[in-house]
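Asker: Sequence and predicted structure below; questions after.
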Amino acid sequence: MPAASPRAAAVVCHPHPEYGGDMDNTVVTTVAAVLVAAGVAALRFNFGGVGRSEGAYGGGPAEVTDVRAAIDSIRAELPTVPIIVVGYSFGSWVGAQAAAGAPDVTRMIAVAPPITFFDWTFATTLRVPLAVVVGDRDQFCPLARLEKLTIPTEKAIIQGADHFFAGHTAAVAAAVRAFIP
């Protein structure tokens, strides 16, 4: 969290726990650092069963509950700031589900949403703006398929990047930062 009074707060959700995702993922830490530098409090956490977190992988529903708990934690600490959910890959899928049911979330930013891997039809229930940061070579979020979603989105496309953003993390973080007013 920034030392001064933050202008917003972000819950930053990591990639799939069963594929090595954790809160220390390079994309997650880079995004969080850029947000903090911009005056946004950033909360990273591990889903259940990851790192020193108790519990176990829950297939999605348990992780949505984890995101909601993180939102509640931020709201308790910072009762008056806007709350944003930022998720990378699997984290975007569960983060968006949590944001859909959280009345105090003001924005959802999905980094490399895995639309070929998970069902995103729930996203039509999002009542907050959805922004997507995606590589033009993302194998789990092909641009042609992303365009077919009936969900209104703002997009930032990272040229030359695939789903893992190797060599492009600074561009991802800058794109996320640009979506926060």
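Answerer: Arrived safely.

Asker: show me where this structure has helices.
Answerer: Per DSSP state H, the chain has helices spanning 26-37, 61-77, 90-100, 143-148, 169-178. These are given in chain order.

Asker: So which bits of the lowest-mean-pLDDT helix or strand in the chain are buried?
Answerer: Using mean pLDDT, DSSP states H and E, the weakest-scoring helix or strand in the chain turns out to be helix 143-148, at a mean of 90. Neighbour-count burial for helix 143-148, counted by 16 or more other CB atoms under 10 Å, picks out Leu146. Every C-beta, even on glycine, is put in place using the N, C-alpha and C of the backbone.

Asker: and if you look at stretch 123-132?
Answerer: The neighbour-count check on stretch 123-132 (16+ other CB under 10 Å) flags Ala123, Leu126, Val128, Leu130, Ala131, Val132 as buried.

Asker: need the contact list for the closest residue in space to Val86 that isn't next to it in sequence.
Answerer: If you skip the residues right next to it in sequence, Val86 has Ile109 as its closest partner in space, 4.5 Å away by CB to CB, 6 or more residues apart in numbering. With contact set as CB atoms under 8 Å, 6 or more residues apart in numbering, Ile109 has these partners: Ile84, Val85, Val86, Gly87, Ser92, Leu130, Ala131, Val132, Val133, Val176, Phe179, Ile180.
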